[in-house]
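Q: Build the 3D model from these lines:
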Amino acid sequence: MSVIHPVILCGGSGTRLWPVSRKAVPKPFLPLVSEETLFQQAVRRVAGDGGFAPPMVVAGAAHADLIMAQWGDTPGARLVIEPAAKNTAPAIALAAALLPEDAVMLVCPSDHHIADTDAFRAAAYAAAALAREDYLVSFGIAADRPETGYGYLRRGEPLPGGYAIREFVEKPDLARAEAYLASGEYSWNGGIFAFRAGHLLAELAAHRPEMARLVAEAVAGGSTEGACFHPAPGPFAAIDGDSIDYAVMENTARAAMVPADMGWSDIGNWAALADALAGEADGAGNVARGAADLAGCSGVFAMTDGPRISAVGLSDICIIVANGEVLVTTRDGAQAVGKLPGALNQ
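A: The predicted structure is shown next:
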């Protein structure tokens, strides 16, 4: 059986986990859940297993040095440097165009937390088997709460190791999310995919022909420098960016999903990070990183890079002190942090 080719997407503007995450060092490159950064965890997840080829990382030039410093001793790793940020469809298409047509690519964001590596790998092998049959495969993340911040996948007919996707559903309101959870038919769309490279490019050409043409031009006119590939900037800059979900997944007749129950989190805001660190919580559900005194508090997440945090009688609050800035938000408000002036105007 041919190996799986991991493609790790790196990006981000460092706004949702401000003030710890910054434009210069966004979320993937921070040690948020363990001593390793999220990017290092993503690389390690596909290392040491003969079923995976060395990873290909797709990122902007601003983070190239961070990536090469953090991927450590990873023989054969390649870096594709996007000339401009154009969302996930062009980034994935770049990687596909640089792989053999029959290569099965496993597309992984660089900034997600996955607690169970064995379950991740099992899902990857199941997804790869479907991708070899020219399905375009999403990981369907086991939903454990009525989350309104994620898109959903509705399961259709059973397939070997997975299901056809009956419906893609955008982020729902709470009532619909509760109905999805109760039905048992829906999984979260976790943004992890498996494709056969040639088939992904054929589908892109069918549904976004101009994007496919410009990606091909950018690759044909590109250059290689050591472990780095530089697509031609002119054609790539002309691309009208789009997500892989909108450009391909919601248009193809071959969409499939594999269920994955692997302790997944996109660490999309401070409340999500607090949830990922729930194993460190005290009896009242408080999690503290750094010097923090929490008296009579419950469900408080406190994180500081120096100054002491002292809080009394608070519930369901995140308090972050980092890089000379202080952020205080309710758990519910954490999704709006990226819109604050401090986060936007870095």
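
Q: Do a quick rundown of the strands in the stretch 1-150 of the chain.
A: 4-9, 56-60, 78-82, 104-109, 113-114, 136-141 (DSSP state E, counting those that start in this stretch).

Q: model confidence over the third one, on average?
A: Going back to what we said before, that points to strand 78-82. Across strand 78-82, pLDDT averages out at 98.

Q: partners of it in the sheet?
A: Strand 78-82 sits in its sheet next to strand 56-60 (parallel), strand 228-230 (parallel), going by DSSP bridges.

Q: by how many degrees do that strand and strand 4-9 diverge?
A: Per axes from the mean of the first three to the mean of the last three CA atoms, to 10 degrees, the angle that strand 78-82 makes with strand 4-9 is 40 degrees.

Q: Export strand 78-82 to CSV, keeping only CA atoms.
A: The C-alpha trace of strand 78-82 is given here as CSV (Å, rounded to 0.1, in the frame of the first residue of the first chain):
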residue,chain,number,x,y,z
ARG,A,78,9.3,20.3,2.2
LEU,A,79,8.0,23.9,2.6
VAL,A,80,5.8,25.5,0.0
ILE,A,81,5.9,29.3,0.4
GLU,A,82,2.6,30.9,-0.7
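
Q: which residues are in contact with that strand?
A: Contact partners of strand 78-82, identified using CB atoms under 8 Å, 6 or more residues apart in numbering, comprise 54-61, 64, 67-68, 90-91, 94-95, 98, 227-231, 236. C-betas here are computed from N, CA, C, even on glycine.

Q: just the strands paired with strand 78-82: most buried one?
A: strand 56-60 (a mean of 24; mean count of other CB atoms under 10 Å).

Q: what residues are up against residue 280?
A: Going by CB under 8 Å, 6+ apart, the list of residues near residue 280 reads residue 287.

Q: okay, now the domains of the chain?
A: Listed by automatic domain parsing, the domain ranges of the chain are 4-265, 270-344.

Q: can you give me the mean pLDDT across the shortest one?
A: The predicted model gives domain 270-344 an average pLDDT of 97.

Q: how much distance is there from it to the middle of the chain?
A: Centroid displacement of domain 270-344 relative to its chain, using CA atoms, centre = their mean, to the nearest Å, is 23 Å.

Q: Am I right that residue 248 is in a strand?
A: No. Applying DSSP: H, G, I helix; E, B strand; the rest coil, one finds residue 248 to be helix, outside a strand.

Q: what number of residues lie near the closest residue to it other than its chain neighbours?
A: Excluding the flanking residues, the one nearest residue 248 by CB to CB, 6 or more residues apart in numbering is residue 203, at 5.2 Å. Neighbourhood size, residue 203 [other CB atoms under 10 Å]: 22.

Q: and what of the one 3 residues further on?
A: The number of residues packed around residue 206, counting by other CB under 10 Å, is 12.

Q: which helices and strands sit right next to the helix or strand residue 214 falls within?
A: Assigned by DSSP states H and E, residue 214 falls within helix 209-220. Applying 3 or more CB pairs under 8 Å, 6 or more residues apart in numbering; DSSP states H and E, we find helix 209-220 packed against helix 88-97, helix 197-207, helix 233-237.

Q: Give the buried residues for it.
A: Of all the residues in helix 209-220, those buried under the rule 16 or more other CB atoms under 10 Å are 211, 212, 214, 215, 216, 217, 218, 219.

Q: One more: stretch 280-288?
A: Buried, per 16+ other CB under 10 Å, within stretch 280-288: 281, 286, 287, 288.

Q: Which ones among these map onto strands?
A: With DSSP state E as the criterion, strands contain 287, 288 from among those.
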